[in-house]
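Asker: Whatever this is, show me its structure:
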Amino acid sequence: MNPVAKIVALAAGVLVVAAVLALLPSDEETSRREAPATLADYWRGDARWAFERKLTGPQLGQEGPQSGAHMETMGDRWYLFNRVYRPGTCPDGEPRMGVQVRESADRGATWSPPAIVLEPTPGSAWSCAATDGDAFYDEARGKWLYLFQCRAEGGGWNGCYVERGGPTPMGTFATDLENPVIRSGELWGAICDANDDCGQRTVFEEGTFNIFDYDGRYFWISFHGSDGVHGYRGIAKSRDFRRGSYVVDRPAEGVPADAILDAADSMGFQEQWAPGGPIGAGAGTIVREGDHLYTLNEFPDISLRCTDGQNWDLGMFRSTSTASVRWEPFPGGNPIVASSRAPEANGQPLGCNVLYPTLFRDPSTGAWYLMHGRATTDPSNHGLYIYRLVRDANLLENGDFARGNTRGWTYSPVGGTNVDLPRLPNGSPDGTPYLAFNCGAPGCGPDASVFQDVPINRRVSGRRFDYGGTLRTDGSEGTLTMAVHQLDAAGVVIQTDAQDLRLGPGFVDHAATGSVRPGARRLRYQLYPKTPQTFAADNLFLSVAR
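Answerer: Numbers count the residues shown, from 1 in each chain. This is a model prediction of the structure:
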């Protein structure tokens, strides 16, 4: 088997997790661990996004369910809104589009047949297309509200509004308001002053709307815009969604005087952007937790029009103020979701193969979820991916490799180990990057390995530890040793627990246990390839019982 082509020169020396196990937890700590993980936990590095399920076209009976998709929740119900294509085309050859919604009573495991929300209706402001909007339940009025992108035949993209009475959105929405309620460029024209990040440009086509809050007086809305090359994300507020009711460019009233996200915000991503760098922000969602607003957004390079070969990643930011134009990037490093680099379109990655991100909370459990679409030529993986935020007791840094880097891991330089991090989600157990490695020789020496060291507190002596991961080969069967070494203060190995694993081409979960020895000060999680196959590893873990 050929070795991995790309050799990652990881920093020599031992990289450790900056965490030390504490004494037995207090009742307050126990209660906190049992509560659902929070976005603040994630920001601190104490939680991670665990793969829950994917929803493909065959599962939902619809081709391309990720188009225009967003999730809304109320009570014990989840509502999946997405685009539906209608027969025929618009006069300019573009497809006719509407909006539909499905209901789930079991957190996305099964779904009802779709109900039509909006049809491309002759004579309306969406006679050609209605899509890429957001729904919000107005509890005071007992109505579902929907703000969306609309296009009449022969016209450009504007913003339109409809609503539906009652506790369920499963049916047709309508309104007596004059539509469109937002004309292309109306909001951005007021926002983009000469000294702004979006200044000196004509920004237009407000869209991919997100109604993220209601304060009792105003509905708060985020939206994108484009100058034809670059993408921007902004914030407005409105009392009733009527035309002329949208407040922008007034920091004293809580709405920012500039775009909140643009190309500059993704310059620091751990990404090999195309020449020219990233070009700005696309679709996104904002949620509120405690004193912070958290936003998850698309960030592409090359083009906003889904160009094959481009990167199209998701980055997360937060702020304590809706008026802020400088949002704090995720401290663990963006992107938190990396686009695929699989050569699926004439040898190149598909354009915008990660898209339409949504953060949402299940009211019945309090758990946070992340959903995004993933485009691929493989119908068994083409669709929507849903992840649940869970508390992370894993002592290994970057054990899931989800952000597309190898931080925290090193390899044995004596063994000649080759290491790579493929962005090939169809070959992953959870749609994220994974670790690939081999010994770099026809016969593997005893030192070939990938490892990570973790410090431990002396007071955990005698406690059980668990270790494992999801593992496979890239083809024929091969042998791998998964081990945990216990090292004393002088770095001497005083105990080794190991499992010899016979692996094949399908990912399989493996787990084992051991007990912390007196005198142990470090645990070393180590993977040894014993045969020359390239091995794949994901969701690696090491935890000590409390």
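Asker: And Ala402, what's its pLDDT?
Answerer: Looking at Ala402, its pLDDT reads 89.
Asker: got a list of what it touches?
Answerer: By C-beta atoms under 8 Å, 6 or more residues apart in numbering, the contact set of Ala402 is Arg48, Trp49, Ile336, Val337, Asp430, Thr432, Pro433. Where you see a C-beta, it was placed from the backbone N, CA and C, and this is true even at glycine.
Asker: Next: Glu52.
Answerer: Gly108, Tyr369, Ile386, Tyr387, Arg388.
Asker: Tell me which residue lies nearest the centroid of this protein.
Answerer: Residue closest to the mean C-alpha point of the chain, counted by C-alpha atoms, centre = their mean, is Val337 at 4.6 Å.
Asker: and the gap between that residue and Gly373?
Answerer: 11 Å (C-beta to C-beta, to the nearest Å).
Asker: who touches both of those two?
Answerer: Common contacts of Val337 and Gly373 (C-beta under 8 Å, 6+ apart): Val354.
Asker: from what I can see Gly399 touches Gly469, true?
Answerer: Yes: counting by C-beta atoms under 8 Å, Gly399 does reach Gly469; the two are 7.5 Å apart.
Asker: shared neighbours of the two, anything?
Answerer: Asn539, Leu540, Phe541.
Asker: wait, doesn't the second one sit right on Tyr525?
Answerer: Yes: the pair formed by Leu540 and Tyr525 meets the contact definition of C-beta under 8 Å, at 6.9 Å.
Asker: what residues are shared contacts of the two?
Answerer: Shared contacts of Leu540 and Tyr525 (C-beta under 8 Å, 6+ apart): Leu396.
Asker: The stretch 201-350 of the chain: strands as residue ranges?
Answerer: For the stretch 201-350 of the chain, the strands defined by DSSP state E, counting those that start in this stretch occupy 204-214, 219-226, 231-238, 284-289, 292-300, 312-319, 328-329.
Asker: would you turn those strands into JSON lines with mean pLDDT, distance to Met97 and mean neighbour count?
Answerer: JSON lines is the format used below for the strands of the stretch 201-350 of the chain (pLDDT from 0 to 100; distance: least, C-beta to C-beta, whole Å; neighbours: other C-beta atoms under 10 Å):
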{"stretch": "strand 204-214", "mean pLDDT": "98", "distance to Met97": "13", "mean neighbour count": "23"}
{"stretch": "strand 219-226", "mean pLDDT": "98", "distance to Met97": "17", "mean neighbour count": "25"}
{"stretch": "strand 231-238", "mean pLDDT": "98", "distance to Met97": "21", "mean neighbour count": "26"}
{"stretch": "strand 284-289", "mean pLDDT": "98", "distance to Met97": "20", "mean neighbour count": "21"}
{"stretch": "strand 292-300", "mean pLDDT": "98", "distance to Met97": "19", "mean neighbour count": "25"}
{"stretch": "strand 312-319", "mean pLDDT": "98", "distance to Met97": "21", "mean neighbour count": "24"}
{"stretch": "strand 328-329", "mean pLDDT": "98", "distance to Met97": "33", "mean neighbour count": "14"}
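Asker: Dump the ones you listed to JSON lines, plus distance to Ala483.
Answerer: Formatted as JSON lines, the strands of the stretch 201-350 of the chain follow (distance: least, C-beta to C-beta, whole Å):
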{"stretch": "strand 204-214", "distance to Ala483": "47"}
{"stretch": "strand 219-226", "distance to Ala483": "48"}
{"stretch": "strand 231-238", "distance to Ala483": "47"}
{"stretch": "strand 284-289", "distance to Ala483": "39"}
{"stretch": "strand 292-300", "distance to Ala483": "37"}
{"stretch": "strand 312-319", "distance to Ala483": "34"}
{"stretch": "strand 328-329", "distance to Ala483": "36"}
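Asker: per-residue confidence for the residue nearest to Leu395 when sequence neighbours are not counted?
Answerer: Counting by C-beta to C-beta, 6 or more residues apart in numbering, Leu395 lies nearest to Val454, which is 4.5 Å off, once chain neighbours are set aside. Looking at Val454, its pLDDT is 97.
Asker: So which elements touch whichever strand or helix holds Val454?
Answerer: Secondary structure from DSSP states H and E places Val454 in strand 450-455. Strand 450-455 is packed against strand 410-411, strand 522-529, with contacts defined by 3 or more C-beta pairs under 8 Å, 6 or more residues apart in numbering; DSSP states H and E.
Asker: Now do it and strand 522-529, the angle between them.
Answerer: Strand 450-455 and strand 522-529 are oriented at 170 degrees to each other (axes from the mean of the first three to the mean of the last three C-alpha atoms, to 10 degrees).
Asker: got the CA positions of strand 450-455 in PDB?
Answerer: Extracted as PDB, the C-alpha positions of strand 450-455 are listed here (Å, rounded to 0.1, in the frame of the first residue of the first chain):
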ATOM      1  CA  VAL A 450       1.400   8.400  16.700                       C
ATOM      2  CA  PHE A 451       0.900   9.600  20.300                       C
ATOM      3  CA  GLN A 452      -0.200  12.200  22.800                       C
ATOM      4  CA  ASP A 453       0.900  12.600  26.500                       C
ATOM      5  CA  VAL A 454      -1.600  13.800  29.200                       C
ATOM      6  CA  PRO A 455      -0.600  14.800  32.700                       C
END
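Asker: okay, stretch 87-104 in CSV with CA atoms only?
Answerer: C-alpha atoms of stretch 87-104 as CSV (Å, rounded to 0.1, in the frame of the first residue of the first chain):
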residue,chain,number,x,y,z
PRO,A,87,-41.9,22.2,-12.7
GLY,A,88,-40.8,24.6,-15.3
THR,A,89,-38.3,27.5,-15.2
CYS,A,90,-38.4,31.2,-14.9
PRO,A,91,-38.1,33.4,-18.0
ASP,A,92,-34.4,33.7,-17.4
GLY,A,93,-34.0,29.9,-17.2
GLU,A,94,-33.6,29.7,-13.4
PRO,A,95,-35.7,27.1,-11.5
ARG,A,96,-38.9,27.8,-9.8
MET,A,97,-38.6,27.3,-6.1
GLY,A,98,-40.9,27.2,-3.0
VAL,A,99,-40.6,26.3,0.6
GLN,A,100,-41.8,23.2,2.5
VAL,A,101,-41.6,22.0,6.1
ARG,A,102,-41.5,18.6,7.8
GLU,A,103,-42.2,17.7,11.5
SER,A,104,-40.4,15.3,13.8
